[in-house]
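Enquirer: Sequence below, structure please.
(chains A and B)
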Amino acid sequence: GAGVSQTPSNKVTEKGKYVELRCDPISGHTALYWYRQSLGQGPEFLIYFQGTGAADDSGLPNDRFFAVRPEGSVSTLKIQRTERGDSAVYLCASSLAGTDTQYFGPGTRLTVL
Amino acid sequence: GQQLNQSPQSMFIQEGEDVSMNCTSSSIFNTWLWYKQDPGEGPVLLIALYKAGELTSNGRLTAQFGITRKDSFLNISASIPSDVGIYFCAGQLESGTYKYIFGTGTRLKVLA
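Expert: Numbering: from 1, shown residues only, chains lettered A, B, ... in the order given. Next comes the predicted model:
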């Protein structure tokens, strides 16, 4: 079946602009995670959804970052007033509730000029 | 953010050789996971460990949950060219949170 998909695969924007990154999880997966991966580093946890609600958003770096999952499937990560330091690969993962196996998407590479 | 320390950072090995890498932390973890990431892809789970001292295999891969619960080890036997990639460990601080802290990665290159 289809895996986790993320769009766009690449996004280039200018400092100060607003961006939205989309994640389509595997059908039936109630848990969804967003991570940020900087060059040469491991993924860094941002936020975890169980269904429609954000169960843990403690990894969001500041209030410019926000994520939603209104219908419990597709999720959108929103970044306001982007800064050059936001440049990274943003990874989404999904899993069945109660399991450790997170299936990752290919990521969106965000470049802020 | 907090990250786990992995060593070595990178390694070149000959095809057929065995590989060992480890992950250490100052914190105790309840679960250790090992992932492999290929260029342009997301990480793929290789092995999950749930108990101190546990030794688990997946084909040519063997991983161990350290007795102190502050470290984990991954071994790859008889490496092949497709083993090339970045290997990440990830630790779960609190049971049931599904929040994992990832290591800094070990980059493996296999020379045919």
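Enquirer: since we're on the closest residue in space to residue B:66 that isn't next to it in sequence, how many residues are nearby?
Expert: Excluding its sequence neighbours, the residue lying closest to residue B:66 (CB to CB, 6 or more residues apart in numbering or on different chains) is residue B:72, at 5.7 Å. Using the backbone N, CA and C atoms, a C-beta is placed for each residue, glycine as well. Other residues within reach of residue B:72, judged by other CB atoms under 10 Å in any protein chain shown, total 28.
Enquirer: which SS state does residue B:72 fall under?
Expert: strand (DSSP: H, G, I helix; E, B strand; the rest coil).
Enquirer: Can you give me the distance of it to chain A?
Expert: 14 Å (CB to the nearest CB, to the nearest Å).
Enquirer: Read off the pLDDT value for the residue in chain A that chain B sits nearest to.
Expert: Chain B sits closest to residue A:104 of chain A, with a gap of 2.7 Å, by CB to the nearest CB. Confidence at residue A:104, expressed as pLDDT, is 94.
Enquirer: what bridges to it?
Expert: Counting by DSSP bridges, residue A:104 forms beta bridges with residue A:93.
Enquirer: helices and strands of chain B: which one bottoms out on pLDDT?
Expert: Every helix and strand of chain B was ranked by mean pLDDT, DSSP states H and E. The lowest is strand B:100-102, at a mean of 89.
Enquirer: Mind giving me the packing neighbours of whichever helix or strand comes after it?
Expert: With elements assigned by DSSP states H and E, the helix or strand that comes after strand B:100-102 is strand B:106-111. With contacts defined as 3 or more CB pairs under 8 Å, 6 or more residues apart in numbering or on different chains; DSSP states H and E, strand B:106-111 has these neighbours: strand B:10-14, strand B:19-24, strand B:85-92.
Enquirer: Just put those in TSV and tack on mean neighbour count and distance to chain A.
Expert: Converted to TSV, the helices and strands packed on strand B:106-111 look like this (neighbours: other CB atoms under 10 Å in any protein chain shown; distance: least, CB to the nearest CB, whole Å):
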stretch	mean neighbour count	distance to chain A
strand B:10-14	12	10
strand B:19-24	20	10
strand B:85-92	24	5
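Enquirer: Looking at chain B, which residue is nearest chain A?
Expert: The nearest approach of chain B to chain A comes at residue B:42, 2.7 Å away (CB to the nearest CB).
Enquirer: Angles on the backbone of that residue, please.
Expert: For residue B:42, the backbone dihedrals are phi -80, psi 160 (criterion: degrees, to the nearest 10).
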